[in-house]
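In: compute the structure for the input listed below.
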Amino acid sequence: QVQLAESGGGLVQAGGSLRLSCAASGRAFSTYTMGWFRQTPGKEREFVAAITSGGSLFHANSVKGRFTISRENAKNTVYLQMNSLKPEDTAVYYCAVRRGTGILSSPRSYDYWGQGTQVTVSS
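Out: Okay, the predicted model is just below:
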């Protein structure tokens, strides 16, 4: 069982920045692919970004050039730096662990999820 705790969400004006953090429990963090997803009411959970154990980065087209995922294995933590935020980025953001294989952008490939943190971008 892996426990995840997101932090760093909040209210920000359009054009502003936020950095989300996700701390994971356990000793195998460095072996996991970590992902960030977001969800708004009535919609399916949407892929935002992922980082593999080897450090390969993947970002959704909608956030490419604005958001950056990174990880710090010594702290069991993954980050999502969000710049140039837009009102359409408003959502609950979740981090997740993928222990095995599967499509990086599919929520079904991930085994553990955090509780989520709200990000609200005002226009």
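In: now for the residue nearest the centre of the chain: which residues touch it?
Out: The centroid of the chain falls nearest to W36 when counting by CA atoms, centre = their mean (2.1 Å). Residues in contact with W36 (CB atoms under 8 Å, 6 or more residues apart in numbering) are 20, 22, 48-50, 69, 78, 80, 93-96. Yep, even glycine has a C-beta here, placed from its N, CA and C like the rest.
In: 10 Å - rerun?
Out: Residues near W36 by CB atoms under 10 Å, 6 or more residues apart in numbering: 6, 20, 22, 46-51, 59-60, 63, 67, 69, 78-80, 82, 93-96, 114.
In: now it, nearest residue through space, not along the chain?
Out: V48 (4.3 Å; CB to CB, 6 or more residues apart in numbering).
In: for P107, phi and psi?
Out: phi -60, psi -30 (degrees, to the nearest 10).
In: does it really touch V97, like I thought?
Out: No: using CB atoms under 10 Å, P107 is not in contact with V97; the gap is 11.9 Å.
In: tell me, what's touching these two both at once?
Out: Listed as contacting both P107 and V97 by CB under 10 Å, 6+ apart are 35, 113.
In: which one of those two has more residues nearby?
Out: Of the pair P107 and V97, V97 is the one with more neighbours under other CB atoms under 10 Å, namely 23 against 18.
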